[in-house]
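In: Let's see this in three dimensions:
(chains A and B)
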Amino acid sequence: DTGVSQDPRHKITKRGQNVTFRCDPISEHNRLYWYRQTLGQGPEFLTYFQNEAQLEKSRLLSDRFSAERPKGSFSTLEIQRTEQGDSAMYLCASRPEPGQANTDTQYFGPGTRLTVL
Amino acid sequence: GQNIDQPTEMTATEGAIVQINCTYQTSGFNGLFWYQQHAGEAPTFLSYNVLDGLEEKGRFSSFLSRSKGYSYLLLKELQMKDSASYLCAVAGGYQKVTFGTGTKLQVIP
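Out: Numbers count the residues shown, from 1 in each chain, chains lettered A, B, ... in the order given. Below you'll find the predicted structure:
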């Protein structure tokens, strides 16, 4: 168990550029979440995958945001035409499927810190 | 929707006990989490309460009252390393987890 990993850890981009982040969950976890966190706030839910299916998506997620989990393993989060307001920490978390040990626990990755200039 | 309230900041003395409260109003409820988050790091799981009552794990305990929409996290024998933000989060309908803004705890000598 190597934990949840995210890549890159830091990303600086210019306004208007597209960025893509990757999350590798714990291998036996079929549930995956994306969150966004700004300074002084708690994580804000963005979207949820069960295996490869995107089952829930926040209304806060504009059309510029898209997430995929094509094979039910790693996931990507893409932001198109970035804006300064997108600057935040993007956190990925995974969770075991129901019936497994610790099924109620979300295990967070280290996050990707995005700065939009 | 979900509304979660917790104090913004608290200060406590090393070796003491501190209680961090959380109240919530939700359209659905499947359980309540507490997470610890050190500055610049990802949240780490502390506890998950589904039923009313107190659950103890070493120096940390978590309490839930579903009828009152209330929970608290109790930290005993405070250590300097306990200085962190403590996040209350509610698992609502389906798989969505809603976090509060967090309580920043400062432990002083």
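In: Would you state the strands of chain A in chain order?
Out: For chain A, the strands defined by DSSP state E cover A:5-7, A:10-13, A:19-24, A:31-37, A:44-50, A:53-57, A:65-68, A:75-79, A:88-95, A:107-108, A:112-116.
In: is chain B contacted by the fourth one?
Out: Yes. In terms of CB under 8 Å from any CB of the partner chain, part of strand A:31-37 sits within range of chain B, namely A:31, A:33, A:35. The way it works is simple: take the backbone N, C-alpha and C, and place the C-beta from them, glycine included.
In: Can I get these in TSV including pLDDT and neighbour count?
Out: As requested, the residues of strand A:31-37 next to chain B are exported to TSV (pLDDT from 0 to 100; neighbours: other CB atoms under 10 Å in any protein chain shown):
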residue	pLDDT	neighbour count
A:31	92	19
A:33	94	24
A:35	95	24
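In: so residue B:42 touches residue A:112, yeah?
Out: No. At 10.8 Å, residue B:42 does not count as touching residue A:112 under the criterion of CB atoms under 8 Å.
In: list residues touching both of these two?
Out: Taking CB atoms under 8 Å, 6 or more residues apart in numbering or on different chains as the contact criterion, no residue touches both residue B:42 and residue A:112.
In: correct me, but residue A:68 touches residue A:76?
Out: Yes. Using CB under 8 Å, residue A:68 is in contact with residue A:76, at 5.3 Å.
In: any low-confidence regions in chain B?
Out: Within chain B, the ranges that satisfy pLDDT under 70 run B:1, B:93-94.
In: Recalculate using a threshold of 80.
Out: Across chain B, the ranges flagged by pLDDT under 80 are B:1-2, B:92-96.
In: Near chain A, which residues of it? Just list them.
Out: So chain B meets chain A at B:31, B:33, B:41-45, B:48, B:50, B:87, B:89, B:91, B:94-102 (CB under 8 Å from any CB).
In: just the buried members of the residues you listed?
Out: Among the residues of chain B next to chain A, those classed as buried by neighbour count (16 or more other CB atoms under 10 Å in any protein chain shown) are B:31, B:33, B:42-43, B:45, B:48, B:87, B:89, B:91, B:95-102.
In: Okay, and which of these map to helices?
Out: Applying DSSP state H to those, no entry is found in helices.
In: give the contact list for whichever residue of chain B sits closest to chain A.
Out: Residue nearest to chain A within chain B: residue B:99 (3.3 Å; CB to the nearest CB). Residues near residue B:99 by CB under 8 Å, 6+ apart: A:35, A:42, A:43, A:44, A:45, B:4, B:35, B:87, B:88, B:89.
In: Next one: the fourth one from residue B:100, what distance?
Out: Distance, residue A:44 to residue B:100, by CB to CB, to the nearest Å: 11 Å.
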